[in-house]
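A.B. asks: The sequence and its predicted three-dimensional model are supplied below.
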Amino acid sequence: MGQPPPDRLRSMIISAVMAALGLALPVAFHAVGLGSHFLPMLLPLLVNGFLVPLPWAVLTGAIVPLISSLATGMPPMYPPVAAQMSLEGAVLGGVAAALYRSQPRRLWPALLSAVVLCRLSGLTASWFLARLFDLPAGFVSAAMLVRSLPGVALQIALVPLVVRQLERSRSILIKPHDSLPEA
Amino acid sequence: MTVSPKRDFFRLALSLLLAAGAVSAIALPLRWLVVAVLAASAAHVLLGRRRLRSLGAGIPVLLFAATLVLLQWLGGRIDLSLPLRTVAVFLLSTLAASVAPWTWIAGGVSPGSRLYLPGLFLLFIRHFAGILISESRRTLQARALSAPRVSGPGGFASVTGALTAVFRRALVRAERFYAAQLLNEIVR
């Protein structure tokens, strides 16, 4: 046994590139002073959900925050913010992959459901974490939600653009039956 | 450059010890926590220039720890052990990850093993991360020079445009990599 089969290799390479972007974008955003409120780590994980099958989308979404935490220290391992972001990444990629695979032409319902469910899971997790660490839970959850609004706006503006462009790029990585018919 | 397996084994043992230290920092009493933070900071400095940079990367973690103190103050109860544990776990876990002999570990996984695919996946991520960090930084710096503000006319659109370019170039790189792997299989 050497190489994985082409389909698996394809998903693996797309997921690896998106995971690498998930690690690279926060560093680049901080370097140019754009900050973390644009949720740069979650952007590629969401795009990945539209390009690969469910297991790869969930796996990639779950491991990227943990790798980033080990490599750069952010998001922190303790309190377990990395675990919270891991949950958010898995939900974001997983919901997008599941809905877009079942109805490939309907990008917006998949995108909006993924973004809303990701924010809800993040909100719930931050509320529980705040309670666990004796922090003001209501304030922490509300602050987390408000801070992430520019990131949500960027996700909604950018992801349809990127996904449509990638699907129309006639790349050998995007399988013909995955792509949308030409308008 | 070849590194002796003995040295790799020592690095693996040290990494596991530091990881255990990171886990135990969650339960350490305050006095020992201060000792752990000082020792881990010293180890970061002693282990070389590259790790010094990783120590500089600790500024966001320090800001996060300060935010925790602020939130505790808002909640009416300040307990310094929580921010100290945050810093201790950061120092010990990043140190554990940086001293671990990743190449040696990856080289020890055989193609028939269950760990082969996860190992390959992590190697792919490392390969692409090395390229894309500098590429995305360059693109965003170019954007910042042409449109200094994020808010206001064209600001948000410029961020969207720059990121679309980053994604497109990342896919081109992935495509080349995929084609190379397919050709490699055909040649074999």
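C.D. replies: Cool, the structure landed. Numbering: from 1, shown residues only, chains lettered A, B, ... in the order given.
A.B. asks: alpha carbons only for contacts and neighbour counts from here, please
C.D. replies: Noted.
A.B. asks: Of all the residues in stretch B:126-139, which ones are buried?
C.D. replies: B:126, B:128-129, B:132-133, B:135-139 (16 or more other C-alpha atoms under 10 Å in any protein chain shown).
A.B. asks: Just give me how far that stretch sits from the chain centre.
C.D. replies: In terms of C-alpha atoms, centre = their mean, to the nearest Å, the centre of stretch B:126-139 is set 14 Å apart from its chain centre.
A.B. asks: Send me it as CSV with only the CA atoms.
C.D. replies: What follows is stretch B:126-139 as a C-alpha-only set of coordinates in CSV (Å, rounded to 0.1, in the frame of the first residue of the first chain):
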residue,chain,number,x,y,z
ARG,B,126,2.6,21.2,7.5
HIS,B,127,3.7,21.4,3.9
PHE,B,128,0.9,23.8,2.9
ALA,B,129,1.1,25.9,6.1
GLY,B,130,4.7,26.7,5.5
ILE,B,131,3.9,28.1,2.0
LEU,B,132,0.6,29.8,2.8
ILE,B,133,1.6,31.7,5.9
SER,B,134,3.9,34.0,3.9
GLU,B,135,1.7,34.1,0.8
SER,B,136,-1.4,35.2,2.7
ARG,B,137,0.6,37.7,4.7
ARG,B,138,2.0,39.2,1.5
THR,B,139,-1.5,39.5,0.0
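A.B. asks: so, in contact with chain A or not, that stretch?
C.D. replies: Yes: interface with chain A: stretch B:126-139 contributes B:126, B:128-129, B:132-134, B:136-137 (C-alpha under 8 Å from any C-alpha of the partner chain).
A.B. asks: which ones among those residues are found in helices?
C.D. replies: Under the assignment DSSP state H, the residues of stretch B:126-139 next to chain A contribute B:126, B:128-129, B:132-134, B:136-137 to helices.
A.B. asks: got a markdown table for those, with pLDDT too?
C.D. replies: As requested, these are arranged in a markdown table below (pLDDT from 0 to 100):
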| residue | pLDDT |
| --- | --- |
| B:Arg126 | 89 |
| B:Phe128 | 90 |
| B:Ala129 | 90 |
| B:Leu132 | 89 |
| B:Ile133 | 86 |
| B:Ser134 | 85 |
| B:Ser136 | 86 |
| B:Arg137 | 85 |
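A.B. asks: how much space between the residue lying closest to A:Leu54 once chain neighbours are set aside and A:Met41?
C.D. replies: By the measure of C-alpha to C-alpha, 6 or more residues apart in numbering or on different chains, the closest residue to A:Leu54 outside its immediate chain neighbours is A:Ala97, 5.1 Å from it. Separation of A:Ala97 from A:Met41 (C-alpha to C-alpha, to the nearest Å): 17 Å.
A.B. asks: Also A:Ala96?
C.D. replies: 16 Å.
A.B. asks: next one: B:Leu115
C.D. replies: Counting by C-alpha to C-alpha, the gap from B:Leu115 to A:Met41 is 26 Å.
A.B. asks: For the most centrally placed residue in chain A, pull up the helix or strand it's in.
C.D. replies: Chain A has A:Leu45 as the residue nearest its centroid, 2.6 Å off, counting by C-alpha atoms, centre = their mean. In the assignment (DSSP states H and E), A:Leu45 maps to helix A:42-51.
A.B. asks: quick one on the thing from earlier: A:Ala96 and A:Met41: who's more crowded?
C.D. replies: Applying other C-alpha atoms under 10 Å in any protein chain shown to A:Ala96 and A:Met41 shows that A:Ala96 carries more neighbours, namely 33 against 27.
A.B. asks: Quick one: low-confidence residue ranges for the chain.
C.D. replies: Using chain A here. Scanning chain A for pLDDT under 70 picks out A:1-4, A:175-183.
A.B. asks: wrong one, I was asking about chain B
C.D. replies: Within chain B, the stretches with pLDDT under 70 are B:1-3, B:48-57, B:148, B:150-153, B:188.
A.B. asks: report the longest helix in it, please.
C.D. replies: helix B:155-187.
A.B. asks: what is the orientation angle of it with helix A:42-51?
C.D. replies: For helix B:155-187 against helix A:42-51, the angle by axes from the mean of the first three to the mean of the last three C-alpha atoms, to 10 degrees is 50 degrees.
A.B. asks: how about helix B:155-187: buried residues?
C.D. replies: Buried residues in helix B:155-187, counted by 16+ other C-alpha under 10 Å: B:155-168, B:170-175, B:177-178, B:181-182.
A.B. asks: ok, and which of those reach chain A?
C.D. replies: When contact is defined as C-alpha under 8 Å from any C-alpha, those meet chain A at B:160, B:163-164, B:167-168, B:170-171, B:174-175, B:177-178, B:182.
A.B. asks: The residue lying closest to A:Met77 once chain neighbours are set aside: which element?
C.D. replies: Once flanking residues are discounted, A:Met77 sits nearest to A:Ser69: 6.4 Å by C-alpha to C-alpha, 6+ apart. Taking DSSP H and E as the definition, A:Ser69 sits inside helix A:54-72.
A.B. asks: Show the secondary-structure elements that that helix is packed against.
C.D. replies: Helix A:54-72 sits against helix A:6-31, helix A:42-51, helix A:81-102, helix B:81-99, with contacts defined as 3 or more C-alpha pairs under 8 Å, 6 or more residues apart in numbering or on different chains; DSSP states H and E.
A.B. asks: Right, I'll leave it there.
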